[in-house]
Every structure is written in structure tokens, then in C-alpha cells.
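Asks: whatever this is, show me its structure:
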Amino acid sequence: MAKEVKNIEQIMEELNRIIEKMERGESSLEESFQLYADGMKLVKSCHDKIDKIEKKIIVLSEGEDKNEL
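Replies: Okay, here's the model as predicted:
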């Protein structure tokens, strides 16, 4: 089964849902740890996507600099 690919906006929405659940304080300690772990995975995924986008922007800007010469 293929893993669903989420965009940055979807990741942020899911992170917000996790934060809201944790802030309510209704979760058990074990559930809180799982929510935290899930949130950290989402943060890493979001960071990786942003890093890829930044690298693409750098490559595109370097191409524009060469064209200006």
C-alpha cells in the first residue's frame, strides 16, 4: 500500500490537531507520548519538504544569475 504524501499545509493542519489534543490535557501519559512522537515525525517531514524547496529556489536563482551575465 502506498504511503499518502502530504503537502506542507496538510502537515501543519495535522500538527495543529495534535497540539490541540495535547493542550486539552485529556490524554493519558502513553497517549501523550504517542502524540508527541507523531508530532515530531510531522515536524521532520515538514522540515524536509521546506529544505527541498529552499534548495530548488537556490538552484533557480543561480540559473537566473548566469542568464544575467
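
Asks: and the helix or strand harbouring residue 42, how far from the chain's centre?
Replies: Element membership for residue 42, per DSSP states H and E: helix 29-68. Chain-centre distance of helix 29-68: 6 Å, with CA atoms, centre = their mean, to the nearest Å.

Asks: buried sites along it?
Replies: By 16 or more other CB atoms under 10 Å, the buried positions in helix 29-68 come out as 35, 39, 42, 45-46. C-beta coordinates here come from the backbone N, C-alpha and C atoms, glycine included.

Asks: quick one: average pLDDT of it?
Replies: Per-residue pLDDT over helix 29-68 has a mean of 91.

Asks: same check, this time on stretch 10-22
Replies: Throughout stretch 10-22, pLDDT has a mean value of 96.

Asks: when you give positions from now on, start the count at 16
Replies: Understood, numbering begins at 16; the last thing we discussed is stretch 25-37.
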